[in-house]
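>>> No sequence on hand, only this structure:
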């Protein structure tokens, strides 16, 4: 594996770096437009397998302060390492990868991923991989850390063999990632940050309405509690039977920006009494993220805005999502459907997913998601994005679907699905709702970022791999089933690890998932009891 001290990679220069600080926003955007015009040719070249093609991976979680664990530098590192599934791209025998992280990644974790590569000699892949660490363990976004260090960016640029055949892969896209692309002189596979309003809670509700996709009754572009109270009053005017509404911050992530307002009994109050009652319920709303002070939540609502919408209820409720991508030529591909596993204070926090979604409603959500995708492509959106839905089954057994969120970025369903796709070369068939390998074998997965508990702190990274080896908790290439772990470095400090369980059936995937959890907790408890005191008599 090449390091920054090595000389294996041909050099390139970052000539834009010296002038970037002198450019205003309009000039930067103009230069970014010219840079992005190259994305189509870069994308086409990657299909050919040329010798000097490369990618630069910067998994900076440049999101709002409502990201769970965003106050922890080690957890931020774990989320950066969640992107290590991209090492599986090195199955392309000529591709070179530069992977950037805040702190060094344990070499054993790198070896773990490279050993998963199908049909590739791990040492060959390792020679084409350059790991770069900033050496900054603070919880700030990785993109901020890089832009503070121009000399490090120059070294990264020098590792790119040919900028005409390279592109930047970010987690999400803001002006920070745009500036990284400009500094490195390579296009970015991700949405233009000028389109970010489309992915806010306010923006996506407006988009759903324009496309004609059903979405919950609600109101958007709200700033402050008074506007929330007024909006809820209007909702009750339209539908007095509403029992609960959800307040969402425009920039909330994984449900962490949501709050539940209980309106039981309020709709039937006389108009003179109702507003005061609504205000009281809003003041007592239940925040999904328990670690965010109420005053801080309100301040974010006032500054960034948000929405309020009816909480859908029914005989049976599920929260599936559809993952799509828009290619440089404007083509939109429907990649997958997932059933999301939710938890937290009111069941709105993302914990994991099951793939594929139930065929009973997968087409019901695929068709409106495709319509949303076509609209986004027409707006110029590039890269992966996902649409979240609520599906409701009524007493007669029929399903209804409501679009609730749009994520213009990679998300919690991205890494499990791409892990499966890279390992099996399979494809999702939207017509049947099934994922099939080239040999016609069906595959399913269950994944989580939240296998966690205090007991797991007893295990080190080495202990985890020992458990994997002794209990067969690995991905078997011959059967194309098993477990792939991620966020591995967080197990000792946070007692948390992620995993993707792949099976031939939904039942087998769930069995593997549950068995892996049981084994890890059993081994962790055993390790915790084996800390014997030294023999003083000796």
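Noted; the coordinates are in hand. What you see is a predicted model; the values in this text were computed from it and never measured. Numbering: from 1, shown residues only.
>>> For the longest helix anywhere in the chain, buried residues please.
Looking across the chain with DSSP state H, the single longest helix is helix 506-529. Using 16 or more other Cβ atoms under 10 Å as the test for burial, helix 506-529 gives 506, 508-510, 512-513, 516-517, 519-520, 523-524, 527. Bear in mind the C-beta positions are built from the backbone N, C-alpha and C, glycine included.
>>> same check, this time on stretch 377-386
Residues 377, 381, 382, 383, 384, 385, 386 are the ones in stretch 377-386 that count as buried (16+ other Cβ under 10 Å).
>>> of these, closest to residue 90?
Residue 90 has its nearest neighbour among these in residue 384, at 19.6 Å by Cβ to Cβ.
>>> Next, the contact list for the closest one, please.
By Cβ atoms under 8 Å, 6 or more residues apart in numbering, the contact set of residue 384 is 323, 324, 325, 335, 409, 410, 414.
>>> Might you list the low-confidence residue ranges for the protein?
In the predicted model of the chain, residues 1-19, 63-71, 254-255, 344-348, 530-538 satisfy pLDDT under 70.
>>> May I ask which helix or strand encompasses the most centrally placed residue in it?
The residue lying closest to the centre of the chain (Cα atoms, centre = their mean) is residue 411, at 1.8 Å. Per DSSP states H and E: residue 411 is located in neither a helix nor a strand.
>>> For it, which non-adjacent residue is spatially closest?
residue 386 (5.4 Å; Cβ to Cβ, 6 or more residues apart in numbering).
>>> these two touch, right, that neighbour and residue 319?
No: counting by Cβ atoms under 8 Å, no contact exists between residue 386 and residue 319, whose distance comes to 11.9 Å.
>>> from the middle of its chain, how far away would the helix or strand in which residue 435 is found be?
Assessed by DSSP H and E, residue 435 sits inside strand 434-436. In terms of Cα atoms, centre = their mean, to the nearest Å, the centre of strand 434-436 is set 22 Å apart from its chain centre.
>>> same question, stretch 217-226
Taking Cα atoms, centre = their mean, one finds stretch 217-226 lying 26 Å from the centre of the chain it belongs to.
>>> same question, stretch 247-256
The answer for stretch 247-256 is 14 Å, by Cα atoms, centre = their mean.
>>> any residues touching it, and which ones?
63-64, 66-68, 200-203, 228, 257-261, 282, 285, 288-289, 292, 297, 300-301, 304-309, 342, 344, 348-350, 412.
>>> taking those one by one, which sit in helices?
Counting by DSSP H, these contribute 201, 202, 203, 228, 282, 297, 300, 301, 304 to helices.
>>> would you turn the buried residues of stretch 377-386 into JSON lines with secondary structure and distance to residue 442?
As requested, the buried residues of stretch 377-386 are exported to JSON lines (DSSP: H, G, I helix; E, B strand; the rest coil; distance: Cβ to Cβ, whole Å):
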{"residue": "377", "secondary structure": "helix", "distance to residue 442": "30"}
{"residue": "381", "secondary structure": "coil", "distance to residue 442": "31"}
{"residue": "382", "secondary structure": "coil", "distance to residue 442": "31"}
{"residue": "383", "secondary structure": "strand", "distance to residue 442": "28"}
{"residue": "384", "secondary structure": "strand", "distance to residue 442": "24"}
{"residue": "385", "secondary structure": "strand", "distance to residue 442": "26"}
{"residue": "386", "secondary structure": "strand", "distance to residue 442": "23"}
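>>> which one of those is nearest residue 144?
Nearest member of the buried residues of stretch 377-386 to residue 144, counting by Cβ to Cβ, is residue 383, at 21.1 Å.
>>> That closest one pairs with what?
residue 326 (DSSP bridges).
>>> Also the one 4 residues further on?
Beta-bridge pairing of residue 387 under DSSP bridges involves residue 322, residue 406.
>>> Would you mind listing the residues in contact with it?
321, 322, 324, 365, 368, 369, 372, 373, 403, 405, 406, 407.
>>> Same question for residue 137.
When contacts are counted by Cβ under 8 Å, 6+ apart, residue 137 is found next to 73, 74, 77, 102, 103.
>>> ok, now with 7 Å
By Cβ atoms under 7 Å, 6 or more residues apart in numbering, the contact list for residue 137 reads 73, 102, 103.
>>> Of those residues, which is the most crowded?
Within the contacts of residue 137, residue 102 tops the neighbour count with 25 neighbours, counted by other Cβ atoms under 10 Å.
>>> all helices of the stretch 401-538 of the chain, in order?
Counting by DSSP state H, counting those that start in this stretch, the segments of the stretch 401-538 of the chain that form helices are 414-424, 461-471, 491-494, 506-529.
>>> The one helix or strand residue 231 maps to packs against which elements?
If you go by DSSP H and E, residue 231 is part of helix 225-238. On a contact count with 3 or more Cβ pairs under 7 Å, 6 or more residues apart in numbering; DSSP states H and E, helix 225-238 meets strand 218-222, strand 244-249, helix 271-283, strand 306-310.
>>> Now distance to residue 238 too, for those, in CSV please.
As requested, the helices and strands packed on helix 225-238 are exported to CSV (distance: least, Cβ to Cβ, whole Å):
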stretch, distance to residue 238
strand 218-222, 10
strand 244-249, 12
helix 271-283, 14
strand 306-310, 9
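>>> Please name whichever of those is nearest to residue 156.
strand 244-249 (33.6 Å).
>>> Quick one: end-to-end length of stretch 405-416, please.
This stretch, stretch 405-416, spans 20 Å end to end (Cα to Cα, to the nearest Å).
>>> wait, what's in contact with residue 215?
205, 208, 209, 402, 403, 404 are the contacts of residue 215 under Cβ under 7 Å, 6+ apart.
>>> How about it, nearest residue that isn't a chain neighbour?
Residue 215's closest residue in space is residue 208 (Cβ to Cβ, 6+ apart), at 4.2 Å.
>>> neighbours of the closest residue to residue 379 other than its chain neighbours, just the number please.
Once flanking residues are discounted, residue 379 sits nearest to residue 195: 6.1 Å by Cβ to Cβ, 6+ apart. Neighbour count for residue 195, taken as other Cβ under 10 Å: 16.
>>> isn't residue 195 right up against residue 382?
No: with contact defined as Cβ atoms under 7 Å, residue 195 does not count as touching residue 382 (9.1 Å).
>>> distance between the helix holding residue 231 and the chain's centre?
32 Å.
>>> same deal with stretch 215-226?
Distance, centroid of stretch 215-226 to centroid of chain: 25 Å (Cα atoms, centre = their mean).
>>> again, but for stretch 429-445
That offset, for stretch 429-445, works out to 23 Å (Cα atoms, centre = their mean).
>>> do the same with stretch 330-339
15 Å.
>>> got the contact list for it?
Taking Cβ under 7 Å, 6+ apart as the rule, stretch 330-339 contacts 318, 320-327, 353-358, 362, 365-366, 369-370, 373-374, 377, 413, 417, 428, 430, 433.
>>> what comes up buried for it?
By neighbour count on 16+ other Cβ under 10 Å, the buried set for stretch 330-339 is 332, 334, 335, 336, 337, 338, 339.
>>> What of stretch 252-268?
Neighbour-count burial for stretch 252-268 [16+ other Cβ under 10 Å]: 252-261, 263, 266-267.
>>> How about stretch 142-150?
Buried, per 16+ other Cβ under 10 Å, within stretch 142-150: 142, 143, 145, 146, 147.
>>> Take the residues you listed and lay them out in JSON lines including distance to residue 492 and secondary structure.
Listed next are the buried residues of stretch 142-150 as JSON lines, based on distance: Cβ to Cβ, whole Å; DSSP: H, G, I helix; E, B strand; the rest coil:
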{"residue": "142", "distance to residue 492": "21", "secondary structure": "helix"}
{"residue": "143", "distance to residue 492": "27", "secondary structure": "helix"}
{"residue": "145", "distance to residue 492": "23", "secondary structure": "helix"}
{"residue": "146", "distance to residue 492": "27", "secondary structure": "helix"}
{"residue": "147", "distance to residue 492": "30", "secondary structure": "helix"}
